[in-house]
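Enquirer: below are the sequence and a predicted model for it; my questions follow.
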Amino acid sequence: MKTVKRCLLVILAVLAASCGGRKEAVVPGHLSAGAEQTARGTPYYERGCYARALEHFTRAQELYTAVGDRQGMAMSANNIGVVYRAIGEAGAAIPFFEDALRLYGDPGEPDRVRQALSNLAAAQADTGDLASAGKNIDAALKIENGGTPFVPALTVKGILLARLGDVKGAETVLKEALDAVGRGHPEGGAAANYAMGELLLGQSRFQEAAPYFDRALERDRKAGFYGGIADDLAALGRCRAGVRDDAAAVRSWEQSVRIYALLGMGEKVRSTMALLEEAAKRSDSDIGLTRALAERWLRGELTDSLCE
């Protein structure tokens, strides 16, 4: 089962104080600057522009650390970890999630602790440390969430169970997460749908998997999350190839390759192009324009980007 590399960002809200009917923000300079860097980085992350997001989140961490702002330091550590995990560097992400957990744990912020534990468990699962991942995700799920399931933690739990070979248990937990999404708790809805799709795809249940990827795609399109959109389309391509609808697979993979190229995701461009080339041969499809785009990107000639 492929890992869902979607974690929770933490955005520090700076509230304006009201005085005489006029709202003016009275914010220390370092906090304002740190919040500004976080605000700049967040849209890049949400689009899948991870290198640009990392620049801003790292600068925010430097600003908060310089003055010992623990909440800002914890938030920035979490966000940096999220980016590292998104680009496939889970090992690099773990120390940042551990820092966030330590900093959040001192003042006792259960919501943030739950997020940090979930993110840490996901990264540990990525590196194969399933025992630590299980311990941390169980701890996250024990933290009260106002009587409602915490969808991101349930999603990680489902992925972990699948890694451990408990496919039935994984499906049960992911259904619980999706039920919560359906009851109006949308946080993590795209990731939960994607995870269920991957679980079914791993069992060659192609037709059952496709609707989950479709729902993930719908959510990611609404959010403007280009990286997620490309991943959803790539997964749909695998579903369609699995039922021998190579022409439909080509259409999905062409779209995903183009987005990956515009986001600068070289490894995903190469791996998806390999699948696309095979499907194009089988279906006698013309993928000349997409091939040319990918080749231009590989030669460093592509100047267009979704991250500018």
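Expert: Yes, it's here.
Enquirer: tell me which residues in the helix or strand harbouring Asp99 are buried?
Expert: For Asp99, the enclosing helix or strand under DSSP states H and E is helix 90-105. Buried residues in helix 90-105, counting neighbours by 16 or more other C-beta atoms under 10 Å, are found at 90, 93-94, 96-101, 103-104. All C-beta spots, glycine's among them, are computed from the backbone N, C-alpha and C.
Enquirer: now do the very next helix or strand once past it and helix 90-105, the angle between them.
Expert: The helix or strand immediately downstream of helix 90-105 is helix 110-127, counting by DSSP H and E. Using axes from the mean of the first three to the mean of the last three C-alpha atoms, to 10 degrees, one finds that helix 110-127 and helix 90-105 are set 160 degrees apart in direction.
Enquirer: which other helices and strands does helix 110-127 contact?
Expert: Secondary structure elements in contact with helix 110-127, counted by 3 or more C-beta pairs under 8 Å, 6 or more residues apart in numbering; DSSP states H and E, are helix 70-86, helix 90-105, helix 130-142, helix 151-163.
Enquirer: ok, and what's touching it?
Expert: By C-beta atoms under 8 Å, 6 or more residues apart in numbering, the surrounding residues in contact with helix 110-127 are 3-5, 7-8, 10, 74, 78, 81-82, 85, 90-91, 93-94, 97-98, 100-101, 104-105, 130, 132-134, 136-137, 139-140, 143-145, 150, 152-153, 156, 159-160, 163.
Enquirer: just stretch 154-164 next, same as before
Expert: So stretch 154-164 is contacted by 1, 3-4, 118, 121-122, 125, 130, 133-134, 137-138, 140-141, 167, 169-171, 173-174, 176-177, 180, 188, 191-192, 195-196, 199, 202 (C-beta under 8 Å, 6+ apart).
Enquirer: got the CA coordinates for it in CSV?
Expert: Only the C-alpha atoms of stretch 154-164 are listed here, as CSV (Å, rounded to 0.1, in the frame of the first residue of the first chain):
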residue,chain,number,x,y,z
LEU,A,154,-7.8,7.2,11.8
THR,A,155,-6.3,7.4,8.3
VAL,A,156,-2.8,6.8,9.6
LYS,A,157,-4.0,4.0,11.8
GLY,A,158,-5.6,2.4,8.7
ILE,A,159,-2.4,2.7,6.7
LEU,A,160,-0.4,1.2,9.5
LEU,A,161,-2.7,-1.8,9.8
ALA,A,162,-2.4,-2.4,6.1
ARG,A,163,1.4,-2.3,6.4
LEU,A,164,1.1,-4.9,9.2
